[in-house]
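Chemist: Take a look and give me a structure for this.
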Amino acid sequence: MLAQELIARKRDGAELTDEELRGFLAEYGAGHVPDYQMSAFLMAVLLNDMSAAELATLTRSIIDSGRRLDFRSDGGPPAVDKHSTGGVGDKVSLVLAPLLAEYGLRVPMMSGRGLGHTGGTVDKLESIPGFRTALDLDEFQAVLADVGCAMIRQTPEIAPLDGRLYALRDVTATVPSIPLICASIISKKVAEGIEALVLDVKYGSGAFMRDPDQAVVLAETLVGLAESEGVRATALLTAMEQPLGETVGNALEVREAVACLHGEGPADLREVTLALAEESVLAVERGAPREEVRSDLASMLDDGRALARFARLVERQGGDPAVVSNPEALADAPIRATWESPVDGYVTCTDAYEIGVAAVELGAGRRRLEGEVDPAVGIELLARRGDRIERGEAVAVIHARSENSAASAARRLGKAYGFGDVPPEDPPLVWKRVTTD
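Modeler: Below is the predicted model of the structure:
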């Protein structure tokens, strides 16, 4: 069947057979289906969803497009990983990976670049001078054996089909599709050869799934798909009404992650990190006392052990370990512009989506597929939801390359912030826990 006929059937809501979908994906992988036709297919999936059978076929096709690692049979520590569905200011992975490695687990973390208004772990890591995320699988495994964790971008050897689809989704407005999100995430994690996976499913203005009920559906689908492929999975639903932490932008977020590894930094970043770390440990140490696990993990943040592990990781992957003790070694934008409150009152809204878009417009994210990311630019949030503020008081600091881009970001912040006479009620930071039970 011609590609356009399959696209038309999906556009009209039909279910493709296993043979049809596998064939279409294989033809795309071989270069016989162009990007514009795949883009049309992705939009049809966004609009019409996928059946469970189609989702399984898509996931396994992506897995089968490359190599599959296996850490279960070598006698080493359990291999675990974490994935976030995308948020603004989400630098959890930079803290979580060395923390779990220090606990004694293996963390083979393969991460992505920013999608849309959200940041990407790879972009943050590459803001560290010299840090290499483009490791082949042999070097990836060598770093993992040496440090206990390794953090790389997607390689051509693991799920190469997903690499192409991931890039197309970013620039064709097809990111917020539950089957496309699930197939992308689970295929890579299964191919990594991990034993357990913890999922940070965001909901709220800065998430791809803004509606909490849809976020629950996404979490349940992810957990079920992972378990069906032999990976134990737990999902936590976490709030993304405002950015996580107090910075948005790559080098700025690395500074904040380092502060968290020093036992400092924003309370919300620490809370989400420890919650996800706790679930990761309990997935492979079933029956362990939850309170003791949390206490041990918190101690590793507070006493510098996780920080030392991060420094080893940075150095082992070619980065400058000086960033651990001297964050000033990171890139710094030449212009800092303060955005001030126009009124007296409480901060009632710090819209994560608008702040994420402001950061992208500054250059912290990509507007097009081949775009470059500026590691230095971003936004510091001096006031957050619930804070009392006076007119003329600094609310945010914009780190920019030009006065024009700073002014544009300031206008966007005017849309992001809301003020009122009564402090708002915040949703719980960690809202729900989803397992196959």
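Chemist: and this protein, what are its domains?
Modeler: 3-48, 80-326, 332-420 (automatic domain parsing).
Chemist: Can you give me the end-to-end span of the second one?
Modeler: What it means is domain 80-326. 30 Å (C-alpha to C-alpha, to the nearest Å).
Chemist: isn't residue 63 right up against residue 187?
Modeler: Yes: look at residue 63 against residue 187 with C-beta atoms under 8 Å: they come within range, at 4.8 Å. Quick note: C-beta positions are derived from backbone N, CA and C, even for glycine.
Chemist: more crowded one of those two?
Modeler: residue 187 (26 against 22; other C-beta atoms under 10 Å).
Chemist: which of the domains of the chain sits most buried?
Modeler: domain 80-326 (a mean of 22; mean count of other C-beta atoms under 10 Å).
Chemist: And the lowest-mean-pLDDT helix or strand in the chain, what does it pack against?
Modeler: Least confident helix or strand of the chain, by mean pLDDT, DSSP states H and E, is helix 160-171 with a mean of 86. Applying 3 or more C-beta pairs under 8 Å, 6 or more residues apart in numbering; DSSP states H and E, one finds that helix 160-171 contacts helix 18-29, helix 35-48, helix 52-64, helix 178-191.
Chemist: I'd like those as a markdown table, with mean pLDDT appended.
Modeler: A markdown table is the format used below for these (pLDDT from 0 to 100):
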| stretch | mean pLDDT |
| --- | --- |
| helix 18-29 | 96 |
| helix 35-48 | 97 |
| helix 52-64 | 96 |
| helix 178-191 | 94 |
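Chemist: Show me whatever sits in contact with both of residue 63 and residue 187.
Modeler: Counting by C-beta atoms under 8 Å, 6 or more residues apart in numbering, the contacts common to residue 63 and residue 187 are residue 159.
Chemist: how far away is residue 292 from residue 13?
Modeler: For residue 292, the distance to residue 13 equals 51 Å [C-beta to C-beta, to the nearest Å].
Chemist: And the helices in the stretch 1-150 of the chain?
Modeler: 3-11, 18-29, 35-48, 52-64, 92-103, 121-125, 137-147 (DSSP state H, counting those that start in this stretch).
Chemist: possible to save these as TSV with distance to residue 243?
Modeler: Shown next, in TSV, are the helices of the stretch 1-150 of the chain (distance: least, C-beta to C-beta, whole Å):
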stretch	distance to residue 243
helix 3-11	36
helix 18-29	35
helix 35-48	26
helix 52-64	30
helix 92-103	12
helix 121-125	14
helix 137-147	29
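Chemist: To residue 421, which of these lies closest?
Modeler: helix 92-103 (33.9 Å; C-beta to C-beta).
Chemist: pLDDT averaged over the closest one - what is it?
Modeler: Helix 92-103 shows a mean pLDDT of 98.
Chemist: what packs against it?
Modeler: When contacts are defined as 3+ C-beta pairs under 8 Å, 6+ apart, helix 92-103 packs onto strand 80-84, strand 107-111, helix 121-125, strand 149-153, helix 250-261, helix 267-284, helix 290-302, helix 305-316.
Chemist: please redo it, this time with the cut-off set to 6 Å
Modeler: Where contact means 3 or more C-beta pairs under 6 Å, 6 or more residues apart in numbering; DSSP states H and E, helix 92-103 is packed against strand 107-111, strand 149-153, helix 250-261, helix 267-284, helix 305-316.
Chemist: Out of these, which is closest to residue 117?
Modeler: Per C-beta to C-beta, nearest to residue 117 of these: helix 250-261, 14.2 Å.
Chemist: ok, residues contacting that closest one?
Modeler: Contacts to helix 250-261, defined as C-beta atoms under 6 Å, 6 or more residues apart in numbering, come from residues 91, 94-95, 123-124, 127, 245, 247, 265, 269-270, 306-307, 310, 327, 330-331, 375-376, 378.
Chemist: Relative to residue 361, how far out is residue 408?
Modeler: Counting by C-beta to C-beta, the gap from residue 408 to residue 361 is 6 Å.
Chemist: cool, and residue 434?
Modeler: Taken as C-beta to C-beta, the span from residue 434 to residue 361 is 34 Å.
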